[in-house]
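Chemist: Sequence first, predicted coordinates after that:
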Amino acid sequence: MKNNNISSSLISHPSSLIIVTGGAGYIGSHTLIELDKAGFDFLVLDNLSNSSQEAIKRVEKIINKKIPFVKGDIRDKELLREIFKENRIDSVIHFAGLKAVGESVQKPLVYYENNVCGTNNLLEVMKEFGVKKFVFSSSATVYGEPDKMPVTEDMQTGVGITNSYGRSKYMIEEILKDLFISDNSWKIAILRYFNPVGAHESGMMGEDPEGIPNNLMPFITQVAVGKLPKLRVFGGDYPTHDGTGVRDYIHVMDLANAHVKALEYINNNDLNEPLIVNLGTGQGYSVLDMVKAFERASGVKIPYEIVDRRPGDIAKIYANPNKAKELLGWEAKRGIDEMCESAWNWQSRNPRGYKGE
Ligand code: NAD
Ligand code: UDP
């Protein structure tokens with residue numbers, strides 16, 4: 001079956017390619033820049049359910065290259081087969097998924113179908129075509145409410161997760177571990193992201209959530225440009241240094257670079273198990289620390305009020321990032337000021353995100 005979404009220019013690409021699912025999204029689009037810099041060729045598969053093709057166009061401008069793009073769904077097996085048939089696929093970096101925590105509580109089946117079934121589907125087609133290198137976007141949420149800080153990769157996962165989104169990530173991790181047990185020629189990297197924020201230095205790309213942002217940083221930047229009246233700080237009575245929740249914020253370009261390192265690692269090493277690494281800075285900041293840092297970076301005052309805790313939130317989580325440093329030679333380079341400056345650079349130049357033009 002010929003799929004009309006695949007433009008003929010994508011077909012039979014001569015060199016071997018990485019499929020980047022969800023490559024039009026926030027983290028995926030930034031990762032494309034780092035992949036290109038490292039000399040990798042790739043094809044993006046995204047259904048644009050939470051993104052815009054404008055993000056791909058901006059990446060094309062930055063890297064000065066056309067990006068093969070397929071608008072399609074990871075749940076569409078026929079489409080996947082067609083992509084694998086028509087191209088020499090070497091590996092898959094899998095960002096595609098739904099990620100709104102609150103929505104996942106309302107719509108668990110939608111989340112499990114998209115994230116878990118979608119990933120299973122993708123893995124089945126990879127297996128059919130003998131493509132066995134897979135980099136997966138997991139999340140610190142798999143740790144639930146950890147009793148020790150900082151969090152290391154060997155700590156318990158799957159217990160105390162408060163929403164279907166987090167459980168979908170945990171389930172996919174378990175699927176990947178089982179897959180490796182069944183066939184140890186798979187090379188799998190499970191990357192547990194902490195809190196990605198910030199934007200590419202150009203100010204041409206950044207985070208562009210649909211509707212009212214759920215996450216802290218895009219909420220702050222939208223208050224700063226006057227789209228939202230004030231920040232609601234969820235909880236002022238946590239056992240943290242100022243009573244507000246503490247997280248490990250990581251610059252999206254550092255995170256993007258870690259994908260290149262992870263891919264190189266699985267390309268160059270034999271693995272006895274899936275590689276699992278935390279991607280964070282190791283430094284925890286509170287909500288009010290972030291507000292102050294953003295005010296410093298932007299010169300804009302952020303009005304806020306402290307309201308009730310958000311259900312399902314934990315007080316504090318930050319990573320021990322040593323394993324990524326030891327194995328991948330990767331560590332975060334950019335600090336909180338650069339995170340805030342770049343987020344502001346993007347939002348102030350693009351107050352309406354990618355829809356602005
Ligand atoms: P995003 O929503 O910006 O990007 C995800 C992309 O996947 C979007 O472009 C969306 O259109 C696409 N997509 C969704 N379902 C799809 C499907 N069935 N088929 C094809 N494309 C589909 O999110 P992001 O922040 O870039 O996150 C990327 C990945 O990292 C996600 O898996 C997310 O769960 C994970 N993650 C994100 C964070 C975070 O705070 N941003 C933290 C931890 C993990
Ligand atoms: N947060 C907040 N107001 C908001 C959004 C988030 O106070 O409008 C807080 C939230 O309670 C948490 C931190 O900011 O302590 C980071 O929240 P986010 O949703 O960005 O990430 P996650 O909860 O997934 O770590």
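Modeler: Done, it's in. Please read these numbers as outputs of a predicted model, since none were measured by experiment. Ligands and ions are numbered 1, 2, ... in the order given.

Chemist: from here on, contacts and neighbour counts on C-alpha atoms
Modeler: Noted.

Chemist: Chain neighbours aside, what residue packs nearest to the residue of the stretch 51-200 of the chain found nearest ligand 2?
Modeler: Ranked by CA to the nearest ligand atom, the top residue of the stretch 51-200 of the chain for proximity to ligand 2 is Asn195, at 6.0 Å. Counting by CA to CA, 6 or more residues apart in numbering, Tyr249 is the residue found nearest to Asn195 once chain neighbours are left out, at 4.5 Å.

Chemist: Pro108 now?
Modeler: Pro108's closest residue in space is Ser164 (CA to CA, 6+ apart), at 5.5 Å.

Chemist: Spell out which residues of the chain are next to ligand 1.
Modeler: 22, 24-28, 46-51, 72-75, 95-99, 114, 137-139, 193, 195-196 (CA under 6 Å from any ligand atom).

Chemist: Which ones among the residues you listed lie within strands?
Modeler: Among those, the members falling in strands are 46, 137-139, 193, 195-196 (criterion: DSSP state E).

Chemist: Report whether the lowest-mean-pLDDT helix or strand in the chain contacts ligand 2.
Modeler: Every helix and strand in the chain was compared by mean pLDDT, DSSP states H and E; the lowest is helix 101-106, with a mean of 93. No - no part of helix 101-106 sits near ligand 2 under the criterion CA under 6 Å from any ligand atom; the closest distance found is 7.5 Å.

Chemist: What residues of that helix count as buried?
Modeler: Residues 101, 103-104 are the ones in helix 101-106 that count as buried (16 or more other CA atoms under 10 Å).

Chemist: Please apply the same query to stretch 333-352.
Modeler: Of the residues in stretch 333-352, 336-348, 350-351 count as buried by neighbour count, 16+ other CA under 10 Å.

Chemist: and that stretch, C-alpha only, in CSV?
Modeler: Output of stretch 333-352 as CSV, limited to C-alpha atoms (Å, rounded to 0.1, in the frame of the first residue of the first chain):
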residue,chain,number,x,y,z
LYS,A,333,27.1,22.1,30.9
ARG,A,334,24.5,24.8,31.1
GLY,A,335,23.2,26.3,34.3
ILE,A,336,20.0,27.8,35.5
ASP,A,337,20.8,31.3,34.1
GLU,A,338,21.3,29.9,30.6
MET,A,339,18.1,27.9,30.9
CYS,A,340,16.1,30.9,31.8
GLU,A,341,17.8,33.3,29.3
SER,A,342,17.3,30.9,26.4
ALA,A,343,13.6,30.2,27.4
TRP,A,344,13.0,34.0,27.5
ASN,A,345,14.9,34.6,24.2
TRP,A,346,12.6,32.1,22.5
GLN,A,347,9.3,33.2,24.1
SER,A,348,10.0,37.0,23.7
ARG,A,349,10.8,36.6,20.0
ASN,A,350,7.9,34.2,19.5
PRO,A,351,5.1,35.2,21.9
ARG,A,352,2.7,33.0,20.0
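
Chemist: which stretches of the stretch 1-150 of the chain form strands?
Modeler: 17-21, 42-46, 69-71, 89-94, 133-139 (DSSP state E, counting those that start in this stretch).

Chemist: got those strands as CSV, with mean pLDDT and mean neighbour count columns?
Modeler: Formatted as CSV, those follow (pLDDT from 0 to 100; neighbours: other CA atoms under 10 Å):
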stretch, mean pLDDT, mean neighbour count
strand 17-21, 98, 23
strand 42-46, 98, 25
strand 69-71, 98, 20
strand 89-94, 98, 22
strand 133-139, 98, 22
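
Chemist: Tabulate these in JSON lines, adding columns for distance to Val277.
Modeler: Formatted as JSON lines, those follow (distance: least, CA to CA, whole Å):
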{"stretch": "strand 17-21", "distance to Val277": "19"}
{"stretch": "strand 42-46", "distance to Val277": "23"}
{"stretch": "strand 69-71", "distance to Val277": "29"}
{"stretch": "strand 89-94", "distance to Val277": "15"}
{"stretch": "strand 133-139", "distance to Val277": "10"}
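
Chemist: average pLDDT for stretch 329-338?
Modeler: Mean per-residue pLDDT for stretch 329-338: 98.

Chemist: what does that stretch contact?
Modeler: Contacts of stretch 329-338 from elsewhere in the structure, counted by CA atoms under 8 Å, 6 or more residues apart in numbering, are 198, 249-251, 254-255, 258, 261, 280-281, 290, 293-294, 297, 321, 324-325.

Chemist: Whichever of those end up buried, select them in PyMOL.
Modeler: Buried members of the contacts of stretch 329-338, defined by 16+ other CA under 10 Å, are picked up in PyMOL with:
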select buried, resi 198+249+250+251+254+255+258+261+280+281+290+293+294+297+321+324
